[in-house]
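1. Take a look and give me a structure for this.
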Amino acid sequence: MIRKKSNKALVYGISIAAALAVGGLSALLSMKGMKEFAELKQPPLSPPGWLFPVAWTILYTLMGISAARVYLADTQETKPALMIYAAQLIVNALWSPIFFELELRLVAFVWLLILIALTVIMIGRFKRIDVPAGNLQFPYLIWLVFAAYLNLGTFILNR
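-> Sure, this is the predicted structure:
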């Protein structure tokens, strides 16, 4: 195990890299579908395509920082909180293939609602351990709610 107090930079680096790797893998599994998605009708307020990788890079970085803070806090609640974090990362990673590759837009919307619920639980758990760690997840939650709007709008406009 990493000596938590003496290797904080390493903990942060690994945590951020792991979150970014999950996002990168999800994107790789969805490349073909993402190209086809550009041809679909988009709901109002849809951002330009270049914004998504920028936003997700920032959000995954914040997730990694937040998880590292919780890990370094090393309380009795740390392990259960990080299990919820891992669960939401897995659900997050699977959303893109469901939405883009499988083109199951309504299933993806329901999947996103599950992800939002997990994220709300994660924020609560993180805040009990380290308030800034929980607060760092709010941009992610806001983006997920916006993504749910885009997901549902895309489903409605293209069925």
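2. can you give me the helices for this protein?
-> For the chain, the helices defined by DSSP state H cover 8-28, 31-37, 51-73, 78-96, 105-129, 131-135, 138-157.
3. tell me the angle the first one makes with helix 78-96.
-> Spelled out, that is helix 8-28. In terms of direction (axes from the mean of the first three to the mean of the last three Cα atoms, to 10 degrees), helix 8-28 departs from helix 78-96 by 30 degrees.
4. Now do helix 8-28: distance to the chain's middle.
-> Its chain's average C-alpha position is 12 Å from that of helix 8-28, according to Cα atoms, centre = their mean, to the nearest Å.
5. same question, the longest one
-> Mean-position distance between helix 105-129 and its chain equals 9 Å (Cα atoms, centre = their mean).
6. relative to helix 51-73, how tilted is that helix?
-> 30 degrees.
7. For helix 105-129, list every residue counted as buried.
-> By neighbour count on 16 or more other Cβ atoms under 10 Å, the buried set for helix 105-129 is 105, 108-109, 111-112, 115-116, 118-119, 122-123, 125-127, 129. In short, each C-beta sits where N, CA and C put it, glycine included.
8. Going by contacts, tell me the helices and strands next to that helix.
-> helix 51-73, helix 78-96, helix 131-135, helix 138-157 (3 or more Cβ pairs under 8 Å, 6 or more residues apart in numbering; DSSP states H and E).
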